[in-house]
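# build the 3D model from these lines:
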Amino acid sequence: MDSFTPIPATIGGLLIGLSAAILWLGNGRIAGISGIFGQLLPPAQSVVWRLVFLVALVAGTFLAAYLLPQLGTRPGSLVAAPAWFAGGTTIWVAISGVLTGFGTKIGNGCTSGHGVCGLARLSTRSFVAVGVFFVVAIITVTLTGIV
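Presented below is the predicted three-dimensional model:
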């Protein structure tokens, strides 16, 4: 870790929690991104709110990155393939995305669903899932050297 930034991290965490609470209280839905995205294809009955949520999620990230660059790194410079990977960053990101999607499918949720919403609801399944996320993250960082 290059620098410790508690203020932006706290603000980001509060905004994530606020958005999850607004979706839950306003729409009765859990803000699990993999579940929201996964129900787009094949289309569920409630596609509109899912599209609005996902577009706002991506747009808000880019807007914050470009309007408030002091909050963190520009999106294009966040990821680089490790030196030992010969396929390039684009292939590295694509493989990472497929593995993440597969993991969220077999784990019945992702870090936003289990880590933010599930833990807040004191779900036992989410406590186990988040523990597994942490262990796998530690192993991944140890093996790849990417922090």
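
# avg pLDDT for the host helix or strand of T100?
Assessed by DSSP states H and E, T100 sits inside helix 89-106. Regarding helix 89-106, the rounded mean pLDDT is 84.

# next one: stretch 14-27
Here the average pLDDT along stretch 14-27 is 87.

# can you map out the helices along this structure?
6-27, 33-38, 47-67, 89-106, 119-120, 124-144 (DSSP state H).

# ok so, going back, distance from the chain centre to the helix holding T100, please.
With CA atoms, centre = their mean, to the nearest Å as the basis, helix 89-106 stands 12 Å off its chain's centre.

# now for this structure, the helix or strand with the poorest mean pLDDT.
Lowest by mean pLDDT, DSSP states H and E among the helices and strands of the chain is helix 33-38, with a mean of 81.

# packing partners for that one?
Applying 3 or more CB pairs under 8 Å, 6 or more residues apart in numbering; DSSP states H and E, we find helix 33-38 packed against helix 47-67, helix 89-106. Every C-beta, even on glycine, is put in place using the N, C-alpha and C of the backbone.

# burial count for the nearest residue to N27 once chain neighbours are set aside?
Spatial nearest neighbour of N27, chain neighbours left out: W49 (6.1 Å); criterion: CB to CB, 6 or more residues apart in numbering. Neighbourhood size, W49 [other CB atoms under 10 Å]: 13.
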